[in-house]
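Q: The following comprises the amino acid sequence and a computationally predicted model.
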Amino acid sequence: MRFAFTEDQLGFRDAVRSMLDKECPAEVVRAAWPDDGTGAGARAEPAAVAAVWARLADIGVLGVAVPEAAGGLGLAELDWVLLAEEAGYAAVPHPFVETVAVAAPLLASAGAPTGGGRSLAGIVGGTVRIAAALTPGHDGRAVPYAARADGVLVHARSTGAVHLLGPDEAGVHSVRTVDGAIDAADLTDRRCHDGNVVTAAPALVDQAFDRGALGAAAQLLGLARHMLDLTVGYVVERRQFGVPVGSFQAVKHHLADALVHLELARPAVHRAAYSAAVGSPNRARDVSMAKAMASDAARLVGAKALQCHGAIGYTVEYDLHLYLKRAWALAATWGTAAWHRDRVGRAMGI
Amino acid sequence: MRFAFTEDQLGFRDAVRSMLDKECPAEVVRAAWPDDGTGAGARAEPAAVAAVWARLADIGVLGVAVPEAAGGLGLAELDWVLLAEEAGYAAVPHPFVETVAVAAPLLASAGAPTGGGRSLAGIVGGTVRIAAALTPGHDGRAVPYAARADGVLVHARSTGAVHLLGPDEAGVHSVRTVDGAIDAADLTDRRCHDGNVVTAAPALVDQAFDRGALGAAAQLLGLARHMLDLTVGYVVERRQFGVPVGSFQAVKHHLADALVHLELARPAVHRAAYSAAVGSPNRARDVSMAKAMASDAARLVGAKALQCHGAIGYTVEYDLHLYLKRAWALAATWGTAAWHRDRVGRAMGI
Amino acid sequence: MTNLTWSAGEERFRAEARGWLEEHLATWRRRHGLGTGADAQVPSGDTREGFALHLEWERMLFEARWAALSWPEAYGGRAGSLWEWLIFEEEYYRAGAPPRVTQNGIFLLAPSVFEFGTPEQQQRILPRMAAAEDLWCQGWSEPNAGSDLAALTSRATKVDGGWLLNGQKTWTTRGAFCTHLFGLFRSDPGSERHKGLTYLLVPLDGDGVTVRGFGRLDGDEGFAEVFFTDAFVPDDAVLGKVDQGWSVAMATTGSERGLTLRSPGRFLATADRLVDLYRRCAHDGPASAAMRDRVIEGWMRAEAYQLFTLGTVTALTEGGAVGAESSINKIWWSELDVALHEAAVDLLGSAAVVDAAWTKAQQFALAGPIYAGTNEIQRNIAAERVLGLPRR
Amino acid sequence: MTNLTWSAGEERFRAEARGWLEEHLATWRRRHGLGTGADAQVPSGDTREGFALHLEWERMLFEARWAALSWPEAYGGRAGSLWEWLIFEEEYYRAGAPPRVTQNGIFLLAPSVFEFGTPEQQQRILPRMAAAEDLWCQGWSEPNAGSDLAALTSRATKVDGGWLLNGQKTWTTRGAFCTHLFGLFRSDPGSERHKGLTYLLVPLDGDGVTVRGFGRLDGDEGFAEVFFTDAFVPDDAVLGKVDQGWSVAMATTGSERGLTLRSPGRFLATADRLVDLYRRCAHDGPASAAMRDRVIEGWMRAEAYQLFTLGTVTALTEGGAVGAESSINKIWWSELDVALHEAAVDLLGSAAVVDAAWTKAQQFALAGPIYAGTNEIQRNIAAERVLGLPRR
């Protein structure tokens, strides 16, 4: 029994953390928003935003789950879960989990057609980004990053197969989203056919979804931590009634609650990564527990963060909203908390 | 539009309040508990406990819902709802709602056999107390006050009729209850027959249940108010860290939450009394909303009260537990909050 | 006696309001191609584009004397009762009419003008406010005076015939689009905290006043900073007495937290829309049954707020007053609004990423526990002034 | 590498524990006619009748070296690892074995004796503690020193060869049945707050000591007041240094809040029983589907506590320490326990009025947010010492 990461895993995490700290500060996340600040669809990607993806490629992160034979690191969930948490902390405005944790290993294991600029090498090299709409029952609406991804994985309800559609095959229509940095699109005309099928094997389809939900959960942890950090920093500095607002017991208790929920969601996410990495029969249950707890924790931390900031947190000039809105987007996608709790219950036989 | 009580209603309430304040303080509620303090069944009723019922008869409260022709006051739900709230505040250790608000008007409108010491005159005069197990699906277990009531109203699942059973017809077996003052019993052998049927009219059966649930809701309001009063008194006096514990913001916020939930449950209960009194088509929905909100408010107030007291609230020597346990008993009976919310939903068509 | 029915006159009033709203909302929306019914897409009044559109709507309300219906006819109202106001608010939100961009003047400033204003001020201010000719924003908060309002430092210096204003206000809702500001300024330079403040009424188009709008969480340019540099206002800009502004302001924040800021009709309408959303979104299954419980709970809380308000209005009608209990109100409606919108977001599932009516409203709801006195402050007030806990 | 499987040795240990518990619980219950399995009716160890019965059980545990399995063999343990302790706790609660009446000695006092005791004290105290011959209760709280422990006023006055104790302790769990008390006394009469306190080990059968038991909310005589009137204890009753008792006590309260007071096994067992109860009580229908969501949530929270603890034990095993984070622990398990039991009570419906296993346990759960440092104090600690918010 050992429930901790290896030095290598922590070292990789630290490297990604310090790179993102430098390359993906709040200004860069903000730059990924459309100019009008309202989240309305695709346009040219600012250089600083594109640079984040390029730097992720440079340090090998994009190929973390690509087999070594295909130029990647050939690592598994326990190796990338901390990196996804960091991507969440930085609110990286790219389909990180979708591309790195879902598409790459799925394309590798399915041995599917990945040409046309959507190859594993492209993923490793940073020239290919892939969005995904794999949640059971997903109707293809408002798929994050689909407006500027090079491909989008969709789940065909009738056959249960997963297809990789190019933008031309998906009927991409930009939609305005609450989080303006995710460039979502409705897929209004999904042309799924034998030529773009990735896999119809239920085990691979389920695994791909679980990886996405796990990655979302990990990002939510990172976002929650970022919001808590921002808030602690603010309430220590901000003074009202002659004292720091962080010295008020109500503020302390809000943030203690936030801390407790974050700290107890974390091991659930890390355990899910373990279950996925070792192919545990409990994988689905554990991933669902992770996503449910991480979603609820991030929403709770976000609510506490906003309340403890007061009016300044409610402005777009302050950074909090960038992370808050990403947390909402991730809580709503890859299955809501209630949906995942139901899945846990089914796994428990109730 | 006028949402307030009449001077007469408030005057009657004040009279009952001051009588109970004198006749039914915590010592009397405590005296209704078995000597071993564990709530184990029936034994001789202490004089001070019996006196509470006698005084309620003296001031006419027991006949409030009995027709004037039968010696009562012939009043309706809006007239007795405040009295039930006071009975709750004092944690009157008798089947007040069951006898006064449920049995009396039911027996009067059903014109059912009420001889054998279970007459309306006996109710008005204080010689007859009646327990009730009318919640749909009730299995006759742990019926409050059944161990020392003169009769018990039961709902026969097979026919839908309500019967009034004497103790000899109900197979009364005392059970230990969390609230030791309610002398509950299992009804292990309910002999329902034509001879003891009160009514089989669905409208009357439903009305009787709704009156019980409304009365329970009103008592819960009173109990919540009592627990809040006790707690405010304690935290103003009790000092820790050199200041009254009531000056800590955490304590203030706990009790502000308690106050808010109590104050917003109250109009729901009073509206339900109105709907019942005027025969509104929304009676069932409004009663269920009242019971759900009052149950949840009383439980929340109780939890806050216990927490703000700390260890002293957790002793049986202090009075809080007498009211807390009654609140739990009333929240659990006449339908739980979740059951009543479901009933509200059905009334709303969802 | 308790009587929870409306009189025939009130029912006629409701029918009139409902009919007028239905017809004129349709007219207004049609004129601007905003769509109809539930599908109507009305730009927010807290954006520069939307504001002009909303002014037109406000002026339609004024023409029909709905804008400030409880005011005397001389000021543009119809001398309506509080009951009629409640009924109108129910119908207003039920019809899906837009949030009032004139709200802060009509519901927050006007009660103080009625109570503290001179007849000249009332005549000068109120009719133009009702007609949406003057548009008022509030100027309470400053960068270092939020919850701690008494820490404000904006100054009013006495000069011949008036006052020179210096300093900065912020978090001024719709400040970028309004014409006037009401707020507190420190008029006694040696004073501290609640003393020596004066309540002033300030045009925003004068010399020395600069307004900078900035974005709110929900994407609208709903906030503004207002800078004053030797801005002159005449003596008749003072509401109430010089140096006595705190008590005038407290009367206003009382109205804000109390009855007039958030009528129950608003939440009843939201709750009904949530029930409709549940009907549309719910699939069979355990997860949706858990949602059903939350939807019912939310509906009951909105209903409870309505009932609570009926009790308050009864008391007011019979000569009572609203005091610290208005904190109970504020805590309840603000947390109710969050709960209703969070339930909606959870029902929407992945569709909640889209910037649409429910998600925009959800973001606005999150401001409720912050504005008009944070809920932390309200809980302090409820505990100290209603329950009598020690201030420390 | 992360490895969430148990080694073959640990699995053998688990099998041994499970087998032993199954057999000996059955023996013990049979001997006293307590029923079997889920229907077993074991009187509470916090009552006079129950305590003797529980002592017999504790001595069976000791005989088999389970009582303090992580202790060295010389003191009656089996030098088990923290992992083995966790496994044993899981099996213990899974088997439905009763709460430990020796707990406060073994899990709260003993860690301090290991850290601060002299070899003589360790030899004198620990074996008799493990064997349930000496039964220890804690004497921290006083009538005016609850959350504010440093306000305590019980005095220890230096005399020849020892100390004379005067004062009163209260809320002493199982004090009426125990033989010894450990606690803090003010040894420096001129001292204030955390200074000048000495940690003393006091027999309860000596002259000048009076114990009065009183009832807890759940009906058990679980509390006691202890009065000291010139009660003499010798010099070797001092644990650690004279006047340095606060730091010794803090080490103990650290253990209490941290790992050893409430192992995850306890809550995993409760969660599993809740799931069983749901299976038995749930009818089809929306109300029960809402309950299902709460049951699943409760189960997940118990599971999360287990996982959190596995991380803590890994860190401890690899040389780390538990600090202020133990407040996170305490907040989580105490609120988890309340949530699990409230869900059970709601599932029981009207049957929840009966005084039975679930309702008794529910009442006990409600004490969790109060004892071992209230959750208000824990939240202060988490905010100040983990997050670094200012103390004020």
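A: Perfect, thanks for sending it. Numbering: from 1, shown residues only, chains lettered A, B, ... in the order given.
Q: what's near enough to touch residue 310?
A: As the question left the chain open, I've gone with chain A. Under the criterion of C-beta atoms under 8 Å, 6 or more residues apart in numbering or on different chains, the contact list for residue A:310 reads C:146-147, C:370, C:374. Any C-beta I mention is one placed from the backbone N, CA and C, and that applies to glycine too.
Q: please go with chain C instead
A: Under the criterion of C-beta under 8 Å, 6+ apart, the contact list for residue C:310 reads B:1, B:3, B:267, C:4, C:86.
Q: pLDDT value on residue A:40, please?
A: Per-residue pLDDT puts residue A:40 at 49.
Q: cool, and the one 5 residues further on?
A: Here the pLDDT value assigned to residue A:45 is 90.
Q: Ramachandran angles for it?
A: The main-chain torsion angles of residue A:45 are listed as degrees, to the nearest 10 and equal phi -80, psi 130.
Q: Wait, it touches residue A:148, no?
A: Yes - contact status for residue A:45 versus residue A:148: in contact at 6.6 Å, counting by C-beta atoms under 8 Å.
Q: Of these two, which one has the most company?
A: Neighbours around residue A:45 and residue A:148, counted as other C-beta atoms under 10 Å in any protein chain shown, are more numerous at residue A:148. The numbers are 23 against 16.
Q: Verify the stated contact: that one with residue A:129.
A: Yes - taking contacts as C-beta under 8 Å, residue A:148 lies within contact range of residue A:129: 7.5 Å.
Q: Residue A:55: how many residues sit nearby?
A: For residue A:55, the tally of surrounding residues (other C-beta under 10 Å) stands at 17.
Q: Neighbours of residue C:175, how many?
A: Residue C:175 is surrounded by 26 other residues when neighbours are defined as other C-beta under 10 Å.
Q: With adjacent residues omitted, what lies nearest to the residue in the stretch 51-200 of chain C positioned nearest to chain D?
A: For the stretch 51-200 of chain C and chain D, the shortest gap (C-beta to the nearest C-beta) falls at residue C:148, measuring 15.2 Å. By the measure of C-beta to C-beta, 6 or more residues apart in numbering or on different chains, the closest residue to residue C:148 outside its immediate chain neighbours is residue A:240, 3.9 Å from it.
Q: cool, and residue A:137?
A: Excluding its sequence neighbours, the residue lying closest to residue A:137 (C-beta to C-beta, 6+ apart) is residue A:157, at 7.6 Å.
Q: Give me the pLDDT value at that neighbour.
A: Value listed for residue A:157 in the pLDDT field: 88.
Q: How about the secondary structure of it?
A: Three-state secondary structure (criterion: DSSP: H, G, I helix; E, B strand; the rest coil) places residue A:157 in coil.
Q: In terms of helices and strands, where is residue A:149?
A: Assignment of secondary structure by DSSP states H and E places residue A:149 within no helix or strand.
Q: I'd assumed residue A:130 was in contact with it.
A: Yes - the pair formed by residue A:149 and residue A:130 meets the contact definition of C-beta under 8 Å, at 5.6 Å.
Q: what about the residue in the stretch 51-200 of chain A that chain D sits nearest to, neighbour count?
A: Across the stretch 51-200 of chain A, the shortest distance to chain D (C-beta to the nearest C-beta) belongs to residue A:78, at 5.7 Å. Using other C-beta under 10 Å, residue A:78 is surrounded by 19 other residues.
Q: same thing with the one 3 residues further on?
A: Neighbour count of residue A:81, defined by other C-beta under 10 Å: 27.
Q: same deal with the one 4 residues further on?
A: Other residues within reach of residue A:85 by the criterion other C-beta under 10 Å amount to 27.
Q: which strand of chain C spans the most residues?
A: Here the longest strand in chain C is taken by residue count, with DSSP state E as the criterion, and it is strand C:223-234.
Q: ok, and does that strand reach over to chain A?
A: Yes - figure legend: strand C:223-234 in contact with chain A (C-beta under 8 Å from any C-beta of the partner chain); contacting residues residue C:223.
Q: Now that strand: average pLDDT?
A: Average pLDDT, strand C:223-234: 97.
Q: Over to stretch A:80-93?
A: 98.
Q: Span of stretch C:177-195 from start to end?
A: Across its full length, stretch C:177-195 reaches 31 Å between end residues, using C-alpha to C-alpha, to the nearest Å.
Q: So for it, what gets flagged as buried?
A: By neighbour count, with 16 or more other C-beta atoms under 10 Å in any protein chain shown as the criterion, the buried positions of stretch C:177-195 are C:177-178, C:180-187.
Q: quick one on the thing from earlier: if I follow the layout properly, the residue nearest to residue C:148 ends up in contact with residue C:152?
A: No - with contacts defined as C-beta under 8 Å, residue A:240 does not count as touching residue C:152, sitting 11.7 Å away.
Q: returning to what we had before: who does the residue nearest to residue C:148 bridge with?
A: Residue A:240 has these beta-bridge partners by DSSP bridges: residue A:243.
Q: what residues are up against it?
A: If you count contacts by C-beta under 8 Å, 6+ apart, then residue A:240 has C:144-148, C:151 around it.
Q: Now restrict those to buried residues only.
A: Buried members of the contacts of residue A:240, counted by 16+ other C-beta under 10 Å: C:145-148, C:151.
Q: Which of these fall in helices?
A: Judged by DSSP state H, the subset of those located in helices is empty.
Q: Tell me the one among the residues you listed nearest to residue C:219.
A: residue C:146 (22.1 Å; C-beta to C-beta).
Q: which one is the closest one nearest to, not counting chain neighbours?
A: If the residues on either side of it in the chain are set aside, residue C:146 comes closest to residue A:310, at 5.6 Å by C-beta to C-beta, 6+ apart.
Q: Can you give me the distance of that neighbour to residue C:392?
A: Here the criterion is C-beta to C-beta, to the nearest Å. By it, residue A:310 lies 22 Å from residue C:392.
Q: Most widely separated two among the contacts of residue C:310?
A: Put simply, by C-beta to C-beta the two of these set farthest apart are B:267 and C:86, 14.2 Å from each other.
Q: quick one: contacts for the residue nearest to the spatial centre of chain A?
A: Within chain A, one residue has its C-alpha closest to the average C-alpha position: by C-alpha atoms, centre = their mean, that is residue A:216, at 3.9 Å. If a contact means C-beta under 8 Å, 6+ apart, then residue A:216 has A:97, A:291, A:294, A:330, A:333-334 as its contacts.
Q: Lovely, talk soon.
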